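Q: Got a predicted model here, sequence first, then my questions.
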Amino acid sequence: MMNSASQMIFDITSIALTVAIIVGVVLISIALFRIIAALKYRNQMLFYATRPYIFCQKHPQQLEIRNNGAVPIVLDKLESNLDLSKLSGQTIPSGQSFFYNVATDQLLTLKVDYHDKLNHYQDNFNL
């Protein structure tokens, strides 16, 4: 048989353990949500740091298409007022340029569809 003093100590201990468990679960949940947010931010930063960035520039008689990104790209489709269909399927490594001869001084509009191993991208240029 328990006396009233030991019963009261048992009740207080049970309440303290229950409160400690609830506080622990809340703190663990907060920590997990912070970790998830940090991982999402890290993944987003990695995406922007490693995604390909294409750059197009027109020189007097050449069109330069440069991959300023950190990964190789494949040119899927180039829409322009010039016939650039020969460039479709070309791979441009990171930091490299591809030059294409153009014999025109007119304004060149260019829509480039390209991809890396993970995503597809599209950029428009007025040269």
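A: Now that the structure is in, tell me what you want to look at. Residues are numbered from 1 along each chain as shown.

Q: And Leu108, how far from Pro52?
A: From Leu108 across to Pro52, the span is 21 Å (Cβ to Cβ, to the nearest Å). Any C-beta I mention is one placed from the backbone N, CA and C, and that applies to glycine too.

Q: Then Leu127?
A: For Leu127, the distance to Pro52 - Cβ to Cβ - is 19 Å.

Q: more crowded one of the two?
A: Pro52 (20 against 15; other Cβ atoms under 10 Å).

Q: Check what pLDDT the more buried one gets.
A: Predicted confidence (pLDDT) for Pro52: 86.

Q: do the one 5 residues further on as well
A: Gln57 is assigned a pLDDT of 89 by the prediction.

Q: Based on its surroundings, how many neighbours for it?
A: 12.

Q: any idea whether it is helix, strand or coil?
A: Using DSSP: H, G, I helix; E, B strand; the rest coil, the three-state assignment for Gln57 comes out as strand.

Q: Could you double-check that it sits in contact with Phe98?
A: No. If you go by Cβ atoms under 8 Å, Gln57 and Phe98 don't touch, sitting 11.5 Å apart.

Q: Look up which helix or strand the residue positioned nearest the centre of the chain falls in, please.
A: Closest to where the C-alpha atoms of the chain average out (Cα atoms, centre = their mean) is Phe47, at 2.5 Å. Following DSSP states H and E, one finds Phe47 within helix 4-50.
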